[in-house]
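Participant: Predicted model and sequence below, questions to follow.
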Amino acid sequence: MKTILASAAAAAAFIGQAAAFDHPSFRYCEAGYVNQNVDFETETTAGATLSQLEADSGSGFRAACVFEVLFGLYAHGEYTDADVDFSALAADPADQFNEDGNVASLRLGVGLALDAPIIPVSIYGQASYTQVEFDAGTVIDDTTMAVENFESDDSGFDLEIGARAVLLNRIEGGAFVRYTDVGAVGAVSSLEDIENEDDIRGGAQAALRFVGPLWATVRYETGDVDTVFVGARVSF
């Protein structure tokens, strides 16, 4: 009887240990508040820099879903929408302006996650179709200095690699690097373009499980676009 009880206790401990050090889930949806800071340089057709264009979002939201289909292969989608305050910082104060606007981005793609055999770490790579819409409201023309409406919609792709780890089936952390290429954002009159063509971003994320499938999550990205996300996640 003692042998049976000892075996049962050892099995329970082993099962509990395995559950406590499970790998991250690639089946979840999350949503919440996002804040973004964007830096661009505007150029004239002659190649001279007109001004520095900055955008600071006051409020916005981000929603994302990841769904593992089979053997680490997963599909994912992400949508971000934020109101932004665009500011043109020109050498001449008369050329500066501040306007409200909006920036929205959509990512859809597939990825592959590989679990480490011993430690609770998953390494993943993914490719995505990316679409970005800018509405700066107004922008200064470099010839007439007139204020004009500026809207743009462009698409491209991004590639991301990263790693996620979970501890005690309750605390998750991870880091990633992403390359984004969405082409030139757009053109207005003799203003050639607002450059945001190639962007390499890095970031980190963390999550804390409260109860059942409910997690609190935070995410930070840095690059041409700095993003802070705070939200809730539901795993399934």
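Facilitator: That came in fine, so what should we check first? Numbers count the residues shown, from 1 in each chain.
Participant: R164: neighbouring residues, count only.
Facilitator: The number of residues packed near R164 is 22, by other C-beta atoms under 10 Å. No exception for glycine: its C-beta is placed from N, CA and C like everyone else's.
Participant: beta partners for the nearest residue to it once chain neighbours are set aside?
Facilitator: Leaving aside its sequence neighbours, R164 sits nearest to G174 (C-beta to C-beta, 6 or more residues apart in numbering; 3.7 Å). Taking DSSP bridges as the rule, G174 bridges to R164, Q205.
Participant: Next one: V110 relative to V225, how far apart?
Facilitator: 23 Å (C-beta to C-beta, to the nearest Å).
Participant: With neighbour numbers in mind, choose between these two.
Facilitator: The residue with more neighbours, out of V110 and V225, is V225; 21 against 14, by other C-beta under 10 Å.
Participant: In the sheet, which residues pair with the more buried one? Tell me.
Facilitator: Counting by DSSP bridges, V225 forms beta bridges with V38.
Participant: Touching, it and G203? I think so.
Facilitator: No: in this structure V225 lies outside contact range of G203 using C-beta atoms under 8 Å: 10.6 Å.
Participant: Hmm, A175 is touching G203, no?
Facilitator: Yes: in this structure, A175 is within contact of G203 by C-beta under 8 Å, at 7.0 Å.
Participant: what about those two, which has more around it?
Facilitator: More crowded of A175 and G203, by other C-beta under 10 Å: G203, with 20 against 14.
Participant: Can you mark which positions in stretch 205-220 are buried?
Facilitator: Under the neighbour-count criterion of 16 or more other C-beta atoms under 10 Å, stretch 205-220 has Q205, A207, R209, W215, T217, R219 buried.
Participant: Output the below-cut-off pLDDT ranges for the protein.
Facilitator: Within the chain, the stretches with pLDDT under 70 are 1-21, 38-58, 86-99, 136-152, 183-198.
Participant: just the helices in it please.
Facilitator: Taking DSSP state H as the test, the helices found in the chain are 2-20.
Participant: Now for V166: which residues touch it?
Facilitator: Counting by C-beta atoms under 8 Å, 6 or more residues apart in numbering, V166 makes contact with F21, D22, H23, P24, P120, E172.
Participant: just A104 next, same as before
Facilitator: A104 neighbours (C-beta under 8 Å, 6+ apart): Y79, T80, D81, A82, V132, E133.
Participant: What's the PyMOL syntax to select whichever of the residues you listed are buried?
Facilitator: Of those, the buried ones go into a single PyMOL selection, burial set by 16+ other C-beta under 10 Å:
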select buried, resi 79+80+81+82+132+133
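Participant: Among the contacts of A104, which lie within strands?
Facilitator: Of the contacts of A104, the ones assigned to strands by DSSP state E are Y79, T80, D81, A82, V132, E133.
Participant: Now do the second one against A206, distance only.
Facilitator: Counting by C-beta to C-beta, the gap from T80 to A206 is 19 Å.
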